[in-house]
Each structure stands twice: as structure tokens, then as C-alpha cells.
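Student: Structure, please.
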Amino acid sequence: MSHFTIDKDKCKRDGICAAECPRRIIEFKKGQVPAPVKGAAQMCIRCGHCVAVCPHGAFSLSDMKPENCQPIRTDMALNVEQAEHFLRSRRSIRSYQDKEIEKEKIAKLIDIARYAPTGRNSQMVKWHVISSRKMVYSLAEMTIDWMRYMVKENNAIAASYRLEDVVKIWDTGHDIICRGAPGLVIAYAPKEYAAAHVDCTIALTFLDLAAPSFGLGTCWAGFFMMAASYWPPLQQSLSLPEGYACFGAMMIGYPKYKYQRLPLRKEPDITWYESKKK
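Tutor: Sure, this is the predicted structure:
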């Protein structure tokens, strides 16, 4: 069976599919129906650009047909003002209601996040969800244990991140690690996968931006992520598959408070490089 098929009756011979293919595995000659190059099936990353970009619904991959792909609704596209407001209104939530998160909501968020771009469309990101406040607190305790060790060893990281001060705050009864969040979403991938960190970060960012539409708030669990990279007891507690590691984590829960304004930020520092006119 051919790697892809083209409905010759629908195809307009415009070459759009070939122009948009990131791997250049579609051969196109003006006036002819596009065809796969030699070895196309092996080189294809199954990104679906060819199926998605064809205006005529003529292009089908062996495992992806246009009728099975949801059409883009232009009526739902954000204008510039809406997009700016949406992104600027995103906040890191550090105060949560004493309310459990419905499993269905987290599952739907992850379902959205799986559409985040990944290197070569590898889709290597996997998910580990802690949906118990007690378990989240236990992981926060292990993070503090790591901090105490780093302070005791006079490690440079301890000084750089003022971990001794963080421990002191914890010892007063304040969870400065996971903020009392009822849930923690962890993105993990194979340790040897070169794009693991980037892919997990982008996927979690998708989840982060989608969360408010579910009434949920999130915050990057930075201290936890650091400890998960270095502290064996915490790594063992996560019980990730052998050969995998945590590359990102996010607290999640129902926000206790609502933000009323868009805070200010520094002006962007931009350097423009332009060609000199002769």
C-alpha cells in the first residue's frame, strides 16, 4: 500500500502539499499529481501537514484521512486584541481552594496538550498525574529534604537559589514548594531523547494556557523540578519507567482568588538586523 494517496478528481495540481512538507518527500511537477519520493514512508514524520494544508481534501496518509481530521473554524480564531488579552491575563496560581480536581478535566487538558509541537513530531512526552493533596505534600517534603542536603554540603546551587531561606519558610509551616496544590502534573520523556526538555516544556505550556478555560489555575513547580533532577529518593518515589526522567512539572487546582488586572512588564529588548540598502 502506498504511503499516501491522492484523490485525482479533487486534486488541483497546485503543489501546496509538496511546498509545505517539512521532509520534502512529496515530488511535484507542474500540472501533475504529486507523488512520493523514494523512501518516503521511512522519512515521513507523520506530522499531517500535507493532509491539513490541502484546500481540496484530496490528500490522505495511510493512517490519516482528511475526513477524520477536524476542520479549522475561522470563526473561532482570536483577533490580535483577544490574543494579547488571553496571553497577558495568564497568571501563576499559588493559592488554591480546598477542592479536588475532576479527573475528566485533567484528562481533557492533557488531551489538548498532546497537540503541542515536538521535535520531528516524535510525540515522546508522557504524563504522570498526582491527584492527591497528601501525595503532593509528600513530594514537597522530599524536595525540602534535598534542599537541606544541598545547604549542608554548601553546594553552589543552594547559595544561588537561597535554599536555606526556602527551608526556613517551610519550617514555619508554609508550603513554599507546591503551595498546597491538590494536584501535580508531570511531563516526562526518555532521558536520552535530545529534545525531551523542550518538548515537555512546550506541552506543559499548552496545558498551562488551556487550564483557565476549565476554571483551573496552574504554576510551574520549579523547586520540585530541580529536586527531581538530582535527588534519588524523590526520583524513586515518582516510579517513572526505567530510562525516563521528569522534564517538567506543574501545580494545578482551583484558584482561591481572582485576578483583576494585567500587571506591567519590562519593555522588550529587541535588536533588529536588517540588510543594508546599496
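
Student: Contact partners for the residue positioned nearest the centre of the chain?
Tutor: The geometric centre of the chain, computed from its C-alpha atoms, lies nearest to Ala203 (Cα atoms, centre = their mean), at 1.0 Å. Shown in contact with Ala203 (Cβ atoms under 8 Å, 6 or more residues apart in numbering): 113-114, 116, 118, 125, 187, 248. C-betas here are computed from N, CA, C, even on glycine.

Student: quick one: which helix or strand includes it?
Tutor: Per DSSP states H and E: Ala203 is located in helix 196-210.

Student: now the helix or strand following that helix: mean pLDDT?
Tutor: Note on helix 196-210: by DSSP H and E, the next helix or strand toward the C-terminus is strand 217-220. Averaging pLDDT along strand 217-220 gives 98.

Student: With stretch 237-253 instead?
Tutor: Mean per-residue pLDDT for stretch 237-253: 98.

Student: what about it, start to end distance?
Tutor: End-to-end distance of stretch 237-253: 22 Å, with Cα to Cα, to the nearest Å as the criterion.

Student: average pLDDT for the helix holding Ala203?
Tutor: The model assigns helix 196-210 a mean pLDDT of 98.

Student: Output the lengthiest helix in the chain as PDB - backbone C-alpha positions only.
Tutor: The longest helix of the chain (DSSP state H) is helix 133-152. C-alpha atoms of helix 133-152 as PDB (Å, rounded to 0.1, in the frame of the first residue of the first chain):
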ATOM      1  CA  ARG A 133      -3.100  16.700  48.000                       C
ATOM      2  CA  LYS A 134      -1.400  14.400  50.600                       C
ATOM      3  CA  MET A 135       0.800  12.900  47.900                       C
ATOM      4  CA  VAL A 136       1.700  16.300  46.500                       C
ATOM      5  CA  TYR A 137       2.700  17.400  50.000                       C
ATOM      6  CA  SER A 138       4.800  14.300  50.500                       C
ATOM      7  CA  LEU A 139       6.700  15.200  47.300                       C
ATOM      8  CA  ALA A 140       7.200  18.700  48.500                       C
ATOM      9  CA  GLU A 141       8.700  17.300  51.700                       C
ATOM     10  CA  MET A 142      11.200  15.300  49.700                       C
ATOM     11  CA  THR A 143      12.100  18.500  47.800                       C
ATOM     12  CA  ILE A 144      12.900  20.100  51.200                       C
ATOM     13  CA  ASP A 145      15.000  17.100  52.200                       C
ATOM     14  CA  TRP A 146      17.000  17.700  49.000                       C
ATOM     15  CA  MET A 147      17.400  21.400  49.900                       C
ATOM     16  CA  ARG A 148      18.600  20.600  53.400                       C
ATOM     17  CA  TYR A 149      21.200  18.300  51.900                       C
ATOM     18  CA  MET A 150      22.300  20.900  49.400                       C
ATOM     19  CA  VAL A 151      22.600  23.600  52.200                       C
ATOM     20  CA  LYS A 152      24.600  21.200  54.400                       C
END
